[in-house]
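K.L.:
fold the following and give me the result.
(chains A and B)
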Protein chains: 2
Amino acid sequence: MFFTIHHNDKNTRARTGIIKTDHGEIETPIFMPVGTAGSVKGVHQRELTNDIKAQIILGNTYHLYLRPGTDLISKAGGLHKFINWDRPMLTDSGGFQVFSLAENRKLKEEGAHFKSHIDGSSHLFTPENIVDIQRLIGADFIMAFDECTPFPCEYKYASKSMELTHRWLERGIKHFNSTSPLYNYQQFFFPIVQGSVYKDLRQKSAEFIASCNMPGNAIGGLSVGEPIEDMYEMLDIVTGILPADKPRYLMGVGTPVNLLESIAMGVDMFDCVMPTRNGRNGMLFTSEGIINIKNRKWADDLSPIDTNGTCFADHQYSKAYLRHLIVSKEILGAQIATLHNLGFYLELMKDARKKIKEGIFGEWKQEMVNKLSQRL
Amino acid sequence: MFFTIHHNDKNTRARTGIIKTDHGEIETPIFMPVGTAGSVKGVHQRELTNDIKAQIILGNTYHLYLRPGTDLISKAGGLHKFINWDRPMLTDSGGFQVFSLAENRKLKEEGAHFKSHIDGSSHLFTPENIVDIQRLIGADFIMAFDECTPFPCEYKYASKSMELTHRWLERGIKHFNSTSPLYNYQQFFFPIVQGSVYKDLRQKSAEFIASCNMPGNAIGGLSVGEPIEDMYEMLDIVTGILPADKPRYLMGVGTPVNLLESIAMGVDMFDCVMPTRNGRNGMLFTSEGIINIKNRKWADDLSPIDTNGTCFADHQYSKAYLRHLIVSKEILGAQIATLHNLGFYLELMKDARKKIKEGIFGEWKQEMVNKLSQRL
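P.N.:
Down below sits the predicted model:
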């Protein structure tokens, strides 16, 4: 059984479960640290496993395809071996980066033509070669190629784009089914719901994606600038349609509060650059609220970074020291803040699983949402 | 006994010994990783102690004085507590940075006026306040304020500068003797030999420094651009004069080969930014020679970074992966290269101590110098 649900919350749609892969089990709900180009920025692999207990990490197909490239990754026997990571891994489809990073993007029925943001070289991503690339990378979870619509996005464009994403999905599934994993372990293919902030499009897309009957389903195109109420509204519609017996993955979201609210709607998997990127810039997510460590008020606060934290970095370094490092642009500042934030996100997921099991997720969530929204 | 010599090599002036401080013992010869502003760039404190077994680290008085400042450091109870480091520590005198980094430097008899390279604020370092600052920082080893002459340097300037450094030293010692440590552990004050590349000046300076009868002695103003033969010639003169029963510290030097040659002349302590700074830029010092990991030839070399290495990073990551990280400017690349280089330097010192004990340092050194000079 790929996905087993263990507990369903009575008052919300939250649930706990286990996803089984050939690289081990994942407890859901789970957060996946983002390892863009084969590295979670500022964190050693052993820190991910031993210190913050990451159960799965994410790689970006676009970045990995451009650098180091699939030749080298396949020579190494896949990304797991190349970066020395033996737990599960997920790669996104490259769609988001093509639309946010690449230059001279041209969208056609066949796929997306673009130029590399690194050296300007020309490339083409198609629903088929994106499967091939992810076969070569060798992630446990691989994603369908989609267009991630920006916000705001006119209805007509959103509708046309969604239809294209659906046609691409059919080609992607066909190609996935006609090819095999390259490294002796199973790969699971997830389709992606699109539809911008339009209820009928989101409904249509979710129904189409559900009908594809893949082992898990992803929700894309959210947290791209739309009002937060829109995001939750779309999420509510989509999670109500995507089958309950399969994992639901909300792509690129979000704050700790976003995660808790989404879990309440039945989301099981998350990834986001926020804990890593914002951490490098001095924003800390803690059990008491959000800290901007650059703020003058922390300058001589010699208390530990987070006394409730579970990571060594929370206890071995003070707020004043971390502030000094971040203000002085010392690499160690980025390392500490990243470890702390990822540790906090993963601990929050662990707590959520515990509260769901105990049947008190709803009350706990409300309390946490209030706390975590505070700026200290 | 502050310094005990355990073994003297028969064929060279190399020796092993133990320096005792209130933060623990240091085996010499030793290399001190540079922790500029209270952090060895890219390395967690626990990695210094557990993984590469650093016995002592160095902080830069100039940087620490400007940021985070002595108010905060003393509020924390000294730099050890501020950064969470319980082993020995040494601070330089700030002289080198005043002359290399600061703006609008004006040298007077009283001291050095300068403007901060960070915010342009005006400051004055004197032989007395440099002692006070280092008392507040609380390093186990503190250095006299000196002028580090540049290269090239005219004889007349070098001579005048050396005399100034000597007068500053007398003031520094007087102030050191009339003040006490602030944190309940002993601090040791080292004077610094100057004299540029002039034999008679180096001789005169070494004799003066030796006559001060401090617990250890440092050699400054070398490895500042002079030909390597000049450096070794000056070192040979100076180490011949500085008392054999006290530790000799060669400041800011150098390559692994420089360290071995200097140990053969009786040097006991070293610091240098080379393993950290050059590491961040992709230069690796290994047991087989020097690697520029950015070089195309390492692009698909999937062998470990250094099979002879003693650090986890040497074995858990491949050359091709490290090259990818450095080329992609990933933080983890700097972290891995730094850990590797520092681990290599410290292991080289350990090997040197072993070979001295075994009485075969001379032969071993010659073999290593040939190996380590190679560019792979």
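K.L.:
hey, C-alpha coordinates of stretch A:49-67 in CSV?
P.N.:
Only the C-alpha atoms of stretch A:49-67 are listed here, as CSV (Å, rounded to 0.1, in the frame of the first residue of the first chain):
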residue,chain,number,x,y,z
THR,A,49,18.9,13.4,8.8
ASN,A,50,20.4,13.5,12.3
ASP,A,51,19.5,16.9,13.6
ILE,A,52,16.2,18.0,12.1
LYS,A,53,15.0,14.6,11.0
ALA,A,54,14.0,15.5,7.5
GLN,A,55,12.0,12.6,6.0
ILE,A,56,12.1,13.8,2.4
ILE,A,57,13.7,16.6,0.5
LEU,A,58,12.9,18.3,-2.8
GLY,A,59,15.0,19.0,-5.8
ASN,A,60,14.2,21.4,-8.7
THR,A,61,14.2,19.8,-12.0
TYR,A,62,14.9,23.0,-13.9
HIS,A,63,18.1,23.8,-11.8
LEU,A,64,19.4,20.2,-11.8
TYR,A,65,18.8,19.8,-15.5
LEU,A,66,20.9,23.0,-16.3
ARG,A,67,23.5,22.3,-13.6
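K.L.:
ok, it near chain B or not?
P.N.:
Yes: using CB under 8 Å from any CB of the partner chain, stretch A:49-67 reaches chain B at A:Arg67. Placement of C-beta: from N, CA and C, glycine included.
K.L.:
from the chain's centroid, how far away is that stretch?
P.N.:
10 Å (CA atoms, centre = their mean, to the nearest Å).
K.L.:
how about the contacts made by A:Phe3?
P.N.:
A:17-20, A:215-216, A:245-247 (CB atoms under 8 Å, 6 or more residues apart in numbering or on different chains).
K.L.:
what pairs with it across the strands?
P.N.:
A:Ile19 (DSSP bridges).
K.L.:
the longest helix along chain A near chain B anywhere?
P.N.:
If you go by DSSP state H, chain A has its longest helix at helix A:331-358. Yes: part of helix A:331-358 sits near chain B under the criterion CB under 8 Å from any CB, namely A:331-336.
K.L.:
now these in CSV, with pLDDT?
P.N.:
Shown next, in CSV, are the residues of helix A:331-358 next to chain B (pLDDT from 0 to 100):
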residue, pLDDT
A:Ile331, 98
A:Leu332, 98
A:Gly333, 98
A:Ala334, 98
A:Gln335, 98
A:Ile336, 98
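K.L.:
make a markdown table from these and add neighbour count and distance to A:Ile5 to it.
P.N.:
Output for the residues of helix A:331-358 next to chain B, formatted as a markdown table (neighbours: other CB atoms under 10 Å in any protein chain shown; distance: CB to CB, whole Å):
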| residue | neighbour count | distance to A:Ile5 |
| --- | --- | --- |
| A:Ile331 | 20 | 42 |
| A:Leu332 | 27 | 41 |
| A:Gly333 | 25 | 41 |
| A:Ala334 | 22 | 38 |
| A:Gln335 | 26 | 37 |
| A:Ile336 | 28 | 36 |
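K.L.:
of those residues, closest to B:Ile56?
P.N.:
For the residues of helix A:331-358 next to chain B, the minimum distance to B:Ile56 (CB to CB) is 18.4 Å, reached by A:Leu332.
K.L.:
next one: phi and psi at the residue most central in space within chain A?
P.N.:
In chain A, the centroid-proximal residue (CA atoms, centre = their mean) is A:Asp271; its distance is 1.7 Å. Per-residue torsions, A:Asp271: phi -140, psi 150 (degrees, to the nearest 10).
K.L.:
repeat that for the one 10 residues further on.
P.N.:
Summarising the backbone geometry of A:Asn281 under the convention degrees, to the nearest 10, its torsions are phi -100, psi 10.
K.L.:
and it, what does it touch?
P.N.:
With CB under 8 Å, 6+ apart, A:Asn281 has these contacts: A:Ile326.
K.L.:
that one and A:Asn341: what is the separation?
P.N.:
Distance from A:Asn281 to A:Asn341, counting by CB to CB, to the nearest Å: 11 Å.
K.L.:
equivalent analysis for A:Ala264, please.
P.N.:
22 Å.
K.L.:
and for A:Leu376, the neighbour number?
P.N.:
By the criterion of other CB atoms under 10 Å in any protein chain shown, A:Leu376 has 12 neighbours.
K.L.:
with adjacent residues omitted, what lies nearest to it?
P.N.:
Closest residue in space to A:Leu376, ignoring its immediate chain neighbours: A:Gly289 at 4.5 Å, by CB to CB, 6 or more residues apart in numbering or on different chains.
K.L.:
surely the one you found meets A:Asn370?
P.N.:
No: A:Gly289 is not in contact with A:Asn370 according to CB atoms under 8 Å; the separation is 9.4 Å.
K.L.:
and these two? which has more neighbours close in?
P.N.:
Comparing A:Gly289 with A:Asn370 by other CB under 10 Å, the one with more neighbours is A:Gly289, at 15 against 11.
K.L.:
ramachandran coordinates for the more buried one?
P.N.:
Dihedral angles of A:Gly289 (phi, psi; degrees, to the nearest 10) stand at phi 140, psi -170.
K.L.:
so who does it touch?
P.N.:
Counting by CB under 8 Å, 6+ apart, A:Gly289 has contacts A:371-376.
K.L.:
distance to B:Arg46, secondary structure and pLDDT added to these, as JSON lines?
P.N.:
Converted to JSON lines, these look like this (distance: CB to CB, whole Å; DSSP: H, G, I helix; E, B strand; the rest coil; pLDDT from 0 to 100):
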{"residue": "A:Lys371", "distance to B:Arg46": "30", "secondary structure": "helix", "pLDDT": "95"}
{"residue": "A:Leu372", "distance to B:Arg46": "29", "secondary structure": "helix", "pLDDT": "96"}
{"residue": "A:Ser373", "distance to B:Arg46": "33", "secondary structure": "helix", "pLDDT": "94"}
{"residue": "A:Gln374", "distance to B:Arg46": "31", "secondary structure": "coil", "pLDDT": "95"}
{"residue": "A:Arg375", "distance to B:Arg46": "31", "secondary structure": "strand", "pLDDT": "95"}
{"residue": "A:Leu376", "distance to B:Arg46": "27", "secondary structure": "coil", "pLDDT": "92"}
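K.L.:
tell me the residues of the stretch 151-300 of chain A that contact chain B?
P.N.:
So far as CB under 8 Å from any CB goes, the stretch 151-300 of chain A lies against chain B at A:299-300.
K.L.:
do you know how far the closest residue to chain B within the stretch 151-300 of chain A is from A:Glu229?
P.N.:
Nearest residue of the stretch 151-300 of chain A to chain B, counting by CB to the nearest CB: A:Asp300, 5.6 Å away. Distance, A:Asp300 to A:Glu229, using CB to CB: 40 Å.
K.L.:
which one of the two has more residues nearby?
P.N.:
Neighbours were counted for A:Asp300 and for A:Glu229 using other CB under 10 Å; A:Asp300 has more, 16 against 9.
K.L.:
SS state for that one?
P.N.:
For A:Asp300, the assignment made with DSSP: H, G, I helix; E, B strand; the rest coil gives coil.
K.L.:
wait, it touches B:Leu72, no?
P.N.:
Yes: at 5.6 Å, A:Asp300 and B:Leu72 qualify as touching, with contact defined as CB under 8 Å.
K.L.:
who touches both of these two?
P.N.:
A:Ala320.
K.L.:
what mean pLDDT does the helix or strand containing A:Val257 get?
P.N.:
A:Val257 belongs to helix A:256-264 when assigned by DSSP states H and E. Averaged across helix A:256-264, pLDDT comes to 98.
K.L.:
ok, and what's touching that helix?
P.N.:
A:9, A:12-14, A:29, A:31, A:223, A:228, A:231-232, A:235, A:250, A:253-254, A:270, A:285, A:344-345, A:348-349, A:352, A:356, A:361-362, A:365, A:368-369, A:372-373.
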